[in-house]
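1. what follows is a predicted protein model with its sequence.
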Amino acid sequence: MEIEHFSIPNIALIKPTIFEDSRGYFFESYSKNKFKEAGIIDDFIQSNQSLSQKGVLRGLHFQIPPFAQSKLVRVIKGSVLDVAVDIRKNSPTYGEHISLVLSEQNKYVLYIPEGFAHGFLTLEDETIFSYKCGNAYNKESERGIMWNDKHLGIEWNITNPILSAKDELNVSFVDFESPFDYKLQNSLNGKR
């Protein structure tokens, strides 16, 4: 397992070691000990899965404290363009984002700490997306930022994605007031 970091602090990409033979493949998608060595100390308490057709865009979602969630996301079948936006006040990368393709072929796992808005666009039909969460779902703390906000500059490469009614009502980035503070971030202990 290889763990890479980005220019945005605290996000991590986990590239599992794949063992393949004539029977198929095996890989370790989560290891509490290896993650801890890399500074990922979250206790993941809930696991979710979604099925989406090509062109479905879910996001940009987050939950506010005290129900904020870290996430460990991956694709089981198909592929997505996955995006995480830094929404931590006082962060040197506030408003910046990372985007990458997660797929059943590359088997990458992305760690997204609290203080990030997250979303993904399905690139194939029948895409199965899986994620572990560091806190339980709480409807009252659920929030969202518009997927196509021009201030974020995310290149989704789609003009009319399939959105939920809820995601059509997300706020713009300029109207968003962050409840997250960069100084309180403890995951990855500031490692890059």
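-> Structure received. Numbers count the residues shown, from 1 in each chain.
2. next, the buried residues of the least confident helix or strand in the chain by mean pLDDT.
-> Every helix and strand of the chain was ranked by mean pLDDT, DSSP states H and E. The lowest is helix 32-37, at a mean of 87. Within helix 32-37, the residues scored as buried using 16 or more other Cβ atoms under 10 Å are residue 35. Heads up, the C-betas are built off the backbone N, CA and C, glycines and all.
3. next secondary structure after it?
-> strand 46-52 (DSSP states H and E).
4. can you tell me the distance between the two ends of stretch 69-86?
-> 14 Å (Cα to Cα, to the nearest Å).
5. phi, psi of the residue of the chain most remote from its centre?
-> The C-alpha centroid of the chain is most remote from residue 22, which lies 32.6 Å away (Cα atoms, centre = their mean). When read as degrees, to the nearest 10, the backbone of residue 22 gives phi -60, psi -20.
6. hmm, who's touching the least confident helix or strand of the chain?
-> 1, 3, 14, 28, 41, 111 (Cβ atoms under 8 Å, 6 or more residues apart in numbering).
7. now for those residues, which pair is the farthest apart?
-> Between any two of these, the greatest separation by Cβ to Cβ is 18.1 Å, found for 28 and 41.
8. how about low-confidence regions in this structure?
-> Along the chain, segments meeting pLDDT under 70 span 184-192.
9. hmm, back to that, for the residue farthest from the centre of the chain, what are its contacts?
-> By Cβ under 8 Å, 6+ apart, residue 22 has no neighbours at all.
10. and what of residue 72?
-> Applying Cβ under 8 Å, 6+ apart, the residues near residue 72 are 30, 42, 44, 109, 110, 111, 112, 131, 132.
11. now, the residues you listed that are in helices?
-> Counting by DSSP state H, those place none of their members in helices.
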